[in-house]
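Trainee: sequence and predicted model, in that order:
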Amino acid sequence: MESSSSQRVARIAAHLNPPNFELRREECRAKGGAPGFKVAILGAAGGIGQSLALLMKMNPLVSVLHLYDVVNSPGVTADISHMDTTAVVMFFLQVKEGENITMLNLLYECMHGLTLSYYCGVFIFQVRGFLGQPQLEAALTGMDLVVIPAGVPRKPGMTRDDLFNINAGIVRTLCEGVAKCCPNAVVNLISNPVNSTVPIAAEVFKKAGTYNPKRLLGVTTLDVTRANTFVGEVLGLDPKMVDVPVVGGHAGVTILPLLSQVKPPCSFTPEETEYLTKRIQDGGTEVVQAKAGAGSATLSMAYAAAKFADACLRGLKGDAGVVECAFVASEVTELPFFASKVRLGRAGAEEVYQLGPLNEYERIGLEKAKKELAESIQKGTNFIKK
Ligand SMILES: NC(=O)C1=CN([C@@H]2O[C@H](COP(=O)(O)OP(=O)(O)OC[C@H]3O[C@@H](n4cnc5c(N)ncnc54)[C@H](O)[C@@H]3O)[C@@H](O)[C@H]2O)C=CC1
Ligand SMILES: O=C([O-])CC(=O)C(=O)O
């Protein structure tokens, strides 16, 4: 029989390593085997990258965050690293066989006045910064998830395709790094034009012999968050309650909201359908014009990217039923890539869902979307192949 709770804790602590109140620095480090995923953001000092880094720093599924950019990443890293979020606390008990000590006993005793660190390993969230091409490999090595918002944004009057000439080369270089240093990582590609940059990434990975279509996902979540918001406004519902599938791609008419499949089930007048479809398709342009030369959506995009990255991590962790729209390798249409709902799991995009029944308005929209998508996909593929 234990004479008192504190004696018992002292006895447990004698079995721990280190057996004192001080945590050694190396024991505070998130490392192989520590809980949580390793995530890199490439383009982390940009408009999207900075806010996304902040949101990922708050995600309890992440234990290591690498921030890479060609400019300013040390400053962003120093700044983000001072956030006191997410020390993932994990018990590493070394209780002798037959000691019959449960977690509940321990928690109870913690609550009775002894410091938690006395018998816990604390894996502190790490943020590390990487600057410029020579540090790309270090930034990528060992990552589970790589999120790529690197590249130039639109100015008023430009299409996303106008960004191709600059962003195609940036995406190629970064994906070559992924193929070399973390070929099994899940990649979330944000850089525009997504309809072409995803095919570019696929060709880079094929060339390197590392292509796994389940692990390459173009991020179209912002189209969904816009659709949920605008539909919520029309219906007078909290957007959190609304689920609008948005399929196709991520530019103009390739963005196809399926308003006939909105949850909760509802109907729209032809005028509402026309208004909502146009507003969702032109959501990016609406922000570009409002920013008047200062870039495109960054805050809502960082929110959407963080939401999508979290879904990917929950899938990797083994959570069931994680479903999001994304632009992926697909057999849903005759095109090699298409955005639709996908189920995220340990393998990445484990299942790509069919579109379901479309109404006449959506069938016409689908044909327009496929025509433009085919050209954008071919352009991306040719950039690497030719
Ligand atoms: N998929 C989507 O739904 C959305 C995509 N975007 C796209 O995301 C991209 C980034 O947008 P913003 O963050 O607003 O632009 P930004 O200009 O604010 O930031 C881009 C960052 O990328 C960095 N960068 C440039 N070349 C790089 C390289 N070779 N390696 C690493 N980093 C590099 C820049 O230094 C900069 O910090 C744009 O292409 C934009 O069109 C934007 C909104 C939504
Ligand atoms: O419109 C842009 O250029 C940025 C973007 O992709 C979006 O906001 O959906």
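Mentor: Right, received. Where do you want to start? Numbering: from 1, shown residues only. Ligands and ions are numbered 1, 2, ... in the order given.
Trainee: residue numbers of the chain in contact with ligand 1?
Mentor: Listed as neighbours of ligand 1 in the chain under the rule CB under 6 Å from any ligand atom: 42-43, 45-49, 69-71, 149-154, 163, 167, 170, 173-174, 190-192, 194, 219, 222, 250, 295-298, 301. All C-beta atoms are positioned from the backbone trio N, CA, C, and that covers glycine.
Trainee: can you go through those residues and name the buried ones?
Mentor: Burial by neighbour count, 16 or more other CB atoms under 10 Å: within the residues of the chain next to ligand 1 this picks out 42-43, 45-49, 69, 149-154, 163, 167, 170, 174, 190-192, 194, 219, 222, 250, 295-298, 301.
Trainee: pLDDT below threshold where in the chain?
Mentor: The chain contains residues with pLDDT under 70 at 1-34, 86-124.
Trainee: so who does residue 70 touch?
Mentor: For residue 70, the contacting residues are 131, 132, 133, by CB atoms under 8 Å, 6 or more residues apart in numbering.
Trainee: the closest residue to residue 369 other than its chain neighbours: neighbour count?
Mentor: For residue 369, ignoring the flanking residues on the chain, the nearest one in space by CB to CB, 6 or more residues apart in numbering is residue 248 at 4.0 Å. Burial of residue 248 is recorded as 31 neighbouring residues (other CB atoms under 10 Å).
Trainee: need phi/psi at residue 248.
Mentor: The phi and psi torsions at residue 248 (degrees, to the nearest 10) take the values phi 100, psi -100.
Trainee: run a quick check on it versus residue 255, I expect a contact.
Mentor: Yes. Between residue 248 and residue 255 there is a contact under CB atoms under 8 Å: 6.0 Å.
Trainee: what do these two both touch?
Mentor: Common contacts of residue 248 and residue 255 (CB under 8 Å, 6+ apart): residue 369.
Trainee: is residue 145 bridged to anything, and to what?
Mentor: When bridges are assigned using DSSP bridges, the partners listed for residue 145 are residue 39, residue 186.
Trainee: and it, what does it touch?
Mentor: Taking CB under 8 Å, 6+ apart as the definition of contact, the neighbours of residue 145 are 37, 38, 39, 40, 185, 186, 187, 188, 309, 312, 313, 316.
Trainee: try 10 Å this time
Mentor: Remark: with contacts taken as CB atoms under 10 Å, 6 or more residues apart in numbering, residue 145 is in contact with 37-41, 56, 61-62, 182, 185-188, 215, 309-310, 312-313, 316, 348.
Trainee: give me the element the residue in the chain positioned nearest to ligand 2 is part of.
Mentor: Ligand 2 sits closest to residue 284 of the chain, with a gap of 2.3 Å, by CB to the nearest ligand atom. Residue 284 belongs to helix 283-291 when elements are defined using DSSP states H and E.
Trainee: what residues sit buried inside that helix?
Mentor: If you call a residue buried by 16+ other CB under 10 Å, then helix 283-291 has these buried ones: 283, 284, 285, 287, 288, 291.
Trainee: touching ligand 2 at all, the helix ranked longest in the chain?
Mentor: The single longest helix within the chain, with elements called by DSSP state H, is helix 360-385. No. Contact check for helix 360-385 against ligand 2, using CB under 6 Å from any ligand atom: none in range, with a minimum separation of 13.0 Å.
Trainee: out of the buried ones among the residues of the chain next to ligand 1, which are inside helices?
Mentor: 47, 48, 49, 167, 170, 174, 194, 222, 301.
Trainee: so what's the nearest residue to the third one once chain neighbours are set aside up against?
Mentor: Same thing as residue 49. Spatially, and ignoring its direct neighbours in sequence, residue 49 is nearest to residue 43 (4.7 Å; CB to CB, 6+ apart). The neighbourhood of residue 43, defined by CB under 10 Å, 6+ apart, consists of 49-50, 52, 67-70, 73, 147-151, 170, 174, 190-191.
Trainee: and the closest residue to ligand 1 within the chain, how far from residue 151?
Mentor: Using CB to the nearest ligand atom, residue 46 is the residue of the chain that sits closest to ligand 1, at 1.9 Å. Applying CB to CB, to the nearest Å, the value for residue 46 to residue 151 is 8 Å.
Trainee: residues in contact with the closest residue to residue 174 other than its chain neighbours?
Mentor: By the measure of CB to CB, 6+ apart, the closest residue to residue 174 outside its immediate chain neighbours is residue 42, 5.1 Å from it. By CB under 10 Å, 6+ apart, the contact set of residue 42 is 49, 66-70, 73, 130, 136, 139-140, 143, 146-151, 170-171, 173-175, 177-178, 187, 189-191.
Trainee: cutoff 7 Å now
Mentor: Taking CB atoms under 7 Å, 6 or more residues apart in numbering as the criterion, residue 42 is in contact with 68, 146, 148, 150, 174.
Trainee: so what are the sheet partners of the helix or strand that residue 66 is a member of and their directions?
Mentor: Using DSSP H and E, residue 66 sits within strand 62-69. Taking DSSP bridges as the criterion, strand 62-69 sits next to strand 37-42 (parallel), strand 126-131 (parallel) in its sheet.
Trainee: residue 278: which of the ones you listed is closest?
Mentor: Each of the strands paired with strand 62-69 has some distance to residue 278 by CB to CB; the shortest is strand 37-42, at 32.2 Å.
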